[in-house]
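Chemist: Need coordinates for the following:
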Amino acid sequence: MPTLTARKREILKFIVSEHVQTASPVASSTVARSTSLKASPATIRNEMVALEEDGLIHRPHVSSGGVPSDRGYRHFVGSLDPEATLNSAVAAQVDQEFTAVHADVEEWVDSASEILAGLMDTLAFTTLPRTAPAPVKSVELLRLQEMLAVVIVVLQGANIYKQVINLDSSDSDSAIEHARNRLNEVIVGVPANNVAARASRVGGGLERRAFDSAVTALQKHNTGSSMEKRFSGIGKLFQQPELLADPAMSQGAMWLIEDTFATSVFEEASEPGGLASVVIGEENVEESLRNYSVVVSKYGTSSTAEGIIGVMAPTRMEYETAIPAVRHLAGHLDQMTMLFYGGY
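Modeler: Residues are numbered from 1 along each chain as shown. As a prediction, this is how the structure comes out:
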């Protein structure tokens, strides 16, 4: 990311803010009129050319003004305080709406997505909290054939996960028994989603291969468990100028809504510690989302129950509002998780 002078930073910030509001390219004359910069229109034009050369803005047409690129939005987001709070008046209104929500988990989750969609005037989504996986009850390592063995992980509650591994010619029955005993020492009693964190306690050879296979078996289980989703503001998203101009963009929204495991992409991208993650345009793993930005945060804890809340819009998103709004609502869902599932 290029280092910008104070003047370039102010010009880029203005272009982002103006484009977010107007959905139109921002002319150098508009920048010169509307900012406190003591610079001539010609100087502003030169600075905008430099921003374009740095890949922070682009011009849809040769004679048009500047539009922020994904890289420009990323630079802008990087300049924001990640712990900024929601406007106090807005926060008070949100808090008041949540005081009426007491019935059940689904009502809390539904209200969170509705409030976020209303604040951002676009698509918001939440997932119902998924309870923490059970701890490991036992591990077996059994020879199937001369060069094959199976790792069997049994969780409390009798869920069983298996993974076949290849054996080396040097892997004797006693080596298999030793590896099995070591795995039981290392991961029995550990919640299934935390087993991978025990890697440093495992040795090499068969012991390592068996451990890695156990982790793989449990990860397949985790990724195979879909999270129930809630959406609000679908109509608001489809009325955004970008989608009206390019109906093909709707494919990204439909993927998020219809694909059973779509939100797992954002679950993996979420920052720990209550911070909101921001995924911009080309940073999205899913190709159909490359014209969108997503702001998302986890809520709850991995030891009790957790879910995610997020907002999606074209990259022309009001990041300054979206980031604290998502964090604020995640805080309410944290309270809900503590109320219904305990912990903290």
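
Chemist: quick one, longest helix in this protein?
Modeler: Longest helix in the chain, counting residues (DSSP state H): helix 319-341.

Chemist: what is the mean pLDDT for that one?
Modeler: For helix 319-341, mean pLDDT rounds to 92.

Chemist: Likewise for stretch 58-71?
Modeler: For stretch 58-71, mean pLDDT rounds to 91.

Chemist: What residues of it count as buried?
Modeler: Within stretch 58-71, the residues scored as buried using 16 or more other CB atoms under 10 Å are 58, 65, 66, 67, 68, 69, 70, 71. To be clear about C-beta, it is placed using only N, CA and C from the backbone, and glycine gets the same treatment.

Chemist: From residue 46, how far off is the most centrally placed residue in the chain?
Modeler: Closest residue to the average C-alpha location of the chain: residue 266 at 3.2 Å, with CA atoms, centre = their mean. Distance of residue 266 to residue 46, given as CB to CB, to the nearest Å: 40 Å.

Chemist: what ranges do the strands span in this protein?
Modeler: 57-58, 67-68, 123-127, 130-131, 136-145, 148-155, 160-166, 229-232, 277-280, 292-300, 305-314 (DSSP state E).

Chemist: Out of the ones you listed, name the one with the poorest average pLDDT.
Modeler: Of all the strands of the chain, the minimum mean pLDDT falls on strand 130-131 (a mean of 81).

Chemist: now for that strand, which elements pack on it?
Modeler: strand 305-314 (3 or more CB pairs under 8 Å, 6 or more residues apart in numbering; DSSP states H and E).

Chemist: The strand it packs on pairs with which strands?
Modeler: Its sheet considered, strand 305-314 pairs with strand 123-127 (antiparallel), strand 130-131 (antiparallel), strand 292-300 (antiparallel) by DSSP bridges.

Chemist: Can you list the neighbours in contact with the first one?
Modeler: I take that to be strand 123-127. Applying CB atoms under 8 Å, 6 or more residues apart in numbering, the external contacts of strand 123-127 come out as 109-110, 112-114, 116-117, 227-234, 236-237, 253, 256, 263, 267, 307-313, 333.

Chemist: Hey, what's the angle from that strand to helix 319-341? Just curious.
Modeler: Counting by axes from the mean of the first three to the mean of the last three CA atoms, to 10 degrees, strand 123-127 lies at 20 degrees to helix 319-341.

Chemist: where along this structure do the helices fall?
Modeler: 6-22, 28-34, 41-53, 70-78, 88-99, 105-120, 173-187, 205-223, 234-238, 241-245, 250-258, 264-269, 319-341.

Chemist: domain ranges for the chain?
Modeler: For the chain, automatic domain parsing gives the domain ranges 6-78, 88-128+227-341, 136-223.

Chemist: Name the residues of stretch 80-96 that are buried.
Modeler: For stretch 80-96, the neighbour count (16+ other CB under 10 Å) marks 86, 87, 94 as buried.

Chemist: ok, so of the buried residues of stretch 58-71, who is nearest residue 168?
Modeler: Nearest to residue 168 among the buried residues of stretch 58-71 is residue 70, at 47.4 Å by CB to CB.

Chemist: and the residue nearest to that closest one when sequence neighbours are not counted, how many neighbours?
Modeler: Among residues not flanking residue 70 along the chain, residue 281 sits closest, at 3.6 Å (CB to CB, 6 or more residues apart in numbering). Other residues lying near residue 281 total 18 when counted by other CB atoms under 10 Å.

Chemist: Would you confirm that residue 281 contacts residue 292?
Modeler: Yes: using CB atoms under 8 Å, residue 281 is in contact with residue 292, at 7.2 Å.

Chemist: between those two, what contacts are shared?
Modeler: By CB under 8 Å, 6+ apart, the residues touching both residue 281 and residue 292 are residue 315.

Chemist: Contacts for stretch 70-78 next, please.
Modeler: Stretch 70-78 has contacts (CB under 8 Å, 6+ apart) with 1, 4, 12-13, 15-16, 51, 54-57, 68, 278, 280-283, 293, 315, 317, 319, 323.

Chemist: Could I get the buried residue list for it?
Modeler: Buried residues in stretch 70-78 (16+ other CB under 10 Å): 70, 71, 72, 73, 74, 75, 76, 77.

Chemist: Please write out the alpha-carbon positions of it in PDB.
Modeler: Only the C-alpha atoms of stretch 70-78 are listed here, as PDB (Å, rounded to 0.1, in the frame of the first residue of the first chain):
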ATOM      1  CA  ASP A  70     -11.000  -1.800  -4.200                       C
ATOM      2  CA  ARG A  71      -7.500  -0.800  -3.200                       C
ATOM      3  CA  GLY A  72      -8.700   2.800  -2.500                       C
ATOM      4  CA  TYR A  73     -11.500   1.500  -0.300                       C
ATOM      5  CA  ARG A  74      -9.000  -0.700   1.500                       C
ATOM      6  CA  HIS A  75      -6.700   2.300   2.100                       C
ATOM      7  CA  PHE A  76      -9.700   4.300   3.400                       C
ATOM      8  CA  VAL A  77     -10.900   1.500   5.700                       C
ATOM      9  CA  GLY A  78      -7.300   1.200   7.000                       C
END
